[in-house]
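In: All I have is the shape, not the residue letters:
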C-alpha cells in the first residue's frame, strides 16, 4: 500500500513518511502514526500524518502494524 487512501491508515500503524524538509531529496522517515491530518479520503501525494514523535509528513509507504523507529534512506 502506498498511503494515498485515508481508509488504509490509522493510529498505531508503522509508516514511512516524507517530511516537508525532505521533499526534494525524498528521504523517508519511519514512525508510528499518532494523528491523521488529511481529512480527504484520497490525496495523490499521500495522506498527511503526525507521528508519535511529533514529526509531520505525507505517507509514502505503509510498513506494518508494529513499532518502527529511526530513519530509512
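Out: Here it is on my side, so go on. Computed from a prediction, not measured in an experiment: that's the story for all the values here.

In: least trustworthy helix or strand in this structure by mean pLDDT?
Out: Lowest mean confidence among the helices and strands of the chain (mean pLDDT, DSSP states H and E): strand 71-72, at a mean of 52.

In: gap between the two ends of stretch 18-36?
Out: One end of stretch 18-36 sits 14 Å from the other (Cα to Cα, to the nearest Å).

In: same check, this time on stretch 2-11
Out: Using Cα to Cα, the span of stretch 2-11 from its first residue to its last is 16 Å.

In: same question, stretch 41-54
Out: End residues of stretch 41-54 are separated by 22 Å (Cα to Cα).

In: and stretch 14-29, which residues are buried?
Out: The neighbour-count check on stretch 14-29 (16 or more other Cβ atoms under 10 Å) flags 14-18, 28-29 as buried. For glycine as for every other residue, the C-beta is placed from the backbone atoms N, C-alpha and C.

In: Tell me which entries of those residues lie within strands.
Out: 14-18, 28-29 (DSSP state E).

In: for this protein, which spans come out with low pLDDT?
Out: Within the chain, the stretches with pLDDT under 70 are 1, 65-73.

In: Reduced to three states, what does residue 7 come out as?
Out: helix (DSSP: H, G, I helix; E, B strand; the rest coil).

In: Please name the residues that touch the residue nearest to the spatial centre of the chain.
Out: For the chain, residue 59 is the residue whose C-alpha lies nearest the centre (Cα atoms, centre = their mean; 3.1 Å). Shown in contact with residue 59 (Cβ atoms under 8 Å, 6 or more residues apart in numbering): 2-4, 9, 15-17, 46-49.
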